[in-house]
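Student: Curious how this folds, go ahead:
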Amino acid sequence: MYVSHLQLADFRSYTEALVELEPGVSVFVGANGQGKTNLVEAIGYVATLGSHRVSSDTPLVRQGAARAIVRARVVRDDRDMLVDLELNPGRANRARINRAAAGRPRDVLGILRTVLFAPEDLSLVKGDPGERRRFLDDLLVSRSPRMAGVRSDYDRVLKQRNALLKSASGRMFRQRSAPDLSTLEVWDAHLAEIGAELLSARLGLVEELRPLVDASYAGLTDSGGPAVPSYRSPLAAEGEEPPHDRARLAEALRSAMVEQRDRELQRGVSLVGPHRDDLFLELGGLPAKGYASQGESWSYALSLKLAAFDLLRADGDDPVLILDDVFAELDTERRRRLAERVRGAEQVLVTAAVADDIPKELDGARFGVREGTVAGE
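Tutor: Numbering: from 1, shown residues only. As a prediction, this is how the structure comes out:
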């Protein structure tokens, strides 16, 4: 799988851009602020319908423009698919596949799969649990696009349940009377059912990732280790993972909601469910967060993404591997090891401010990026 054609209109800093790509390594070189990351961000958006830099689409549309267009041609098993995405801040986005309108933008999910590593991904180790949950859920969607619907359904049910809790909490304190919980119990059942499906998928994913993460970490550095990710949830005892069975998970979620009912009503928010869980990262028997050095944290974050790449590759196709401004953060030995590790991928897209930061093992096509223009070198 690779991207052969990327065309942008009013995306980020680009009024327009057209880049033709080939399999193998392509390197985009340019000073900071010239637009090289915007190119790979656009490719990542085609794969995930989201940005690794911002949480909404508004910053992706060039200032003063009403919309942005991202068009990518994806080659997979010698077959081409053209994906067009129209980003409309404040309105529904639109998508086309081979020039035919898609029912929903998320219908494009699965056509292109990417694994992107950027400086922001250090938050996988040092940041809040939400960053790690997003990593797991994005990988689930990459492997099985239907999980996008599961995640969307869970978010919708959670939002409705939180609204009911907030309303019941307000009535309880204003009227000094017990609220009617019959409607809330209906949403409890919905949250337990959908939450169990999401939670079961996450648990299975972490089990598959665990040996791949440790192997990737060992290949990048000789310091620390072993690197062991595990899933943490209030549904299980400290240091243990919940059961993987969906029926048992649903029952555990329902029981936990009953147990936490008073606290949820007091706070007006859902305290039980996958939205409260975490991917715990252990390094050498200690929590990576707070104990790992800067270099170890970088290596761990990279290992998570490389493990994701290995998992997607094992499913049958190499995802497009994107390394955004990564090598400047690594010492010479880690640069060499990373380059050796990834150079066999079907397509690797690299950005760098300084050409000398790119190891010789990643020789390939070079593009200069300057003031919103892209030119082959």
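
Student: report the longest helix in the chain, please.
Tutor: Counting residues, the longest helix found in the chain (DSSP state H) is helix 182-220.

Student: May I see the buried residues of that helix?
Tutor: Residues of helix 182-220 classed as buried: 184, 187-188, 190-203, 205-206, 209-210, 212-217, 219-220 (neighbour count, 16 or more other Cβ atoms under 10 Å). For the C-beta atoms, the positions are set from N, CA and C on the backbone; glycine is no exception.

Student: Can you list the low-confidence ranges for the chain?
Tutor: Across the chain, the ranges flagged by pLDDT under 70 are 170-180.

Student: And the helices in it?
Tutor: Going by DSSP H, the chain shows helices at 36-48, 123-126, 129-143, 147-175, 182-220, 246-259, 261-267, 288-291, 294-314, 332-342.

Student: what sits up against the third one?
Tutor: Helix 129-143 has contacts (Cβ atoms under 8 Å, 6 or more residues apart in numbering) with 47-48, 50, 109-110, 113-114, 123-124, 147-148, 151, 198, 201-202, 205-206, 274-275, 277-279, 281, 304, 308, 311-312, 315, 319.

Student: Just want the angle from it to helix 182-220.
Tutor: 80 degrees (axes from the mean of the first three to the mean of the last three Cα atoms, to 10 degrees).

Student: show me the residues around residue 199 that make contact.
Tutor: 233, 235, 242, 249, 253, 274, 277.

Student: Return the member of these nearest to residue 97.
Tutor: Distances from residue 97 to the contacts of residue 199, taken as Cβ to Cβ, are shortest for residue 274 (30.4 Å).

Student: Run through the residues that contact that closest one.
Tutor: Counting by Cβ under 8 Å, 6+ apart, residue 274 makes contact with 133, 154, 195, 198, 199, 202, 233.

Student: Could you do residue 189 as well?
Tutor: Per Cβ under 8 Å, 6+ apart, neighbours of residue 189: residue 254.

Student: Quick check: which of the helices of the chain is nearest to residue 81?
Tutor: helix 36-48 (10.5 Å).

Student: Most neighbours among the contacts of residue 199, which one is it?
Tutor: Tallying neighbours with other Cβ atoms under 10 Å puts residue 274 at the head of the contacts of residue 199, with 27 neighbours.

Student: Can you tell me how far that one is from residue 262?
Tutor: Per Cβ to Cβ, to the nearest Å, residue 274 is found 22 Å from residue 262.

Student: Also residue 166?
Tutor: Using Cβ to Cβ, residue 166 is found at 15 Å from residue 262.

Student: Neighbour count: the two, which is higher?
Tutor: Each of residue 166 and residue 262 has its neighbours counted (other Cβ under 10 Å); residue 166 has more, 15 against 8.
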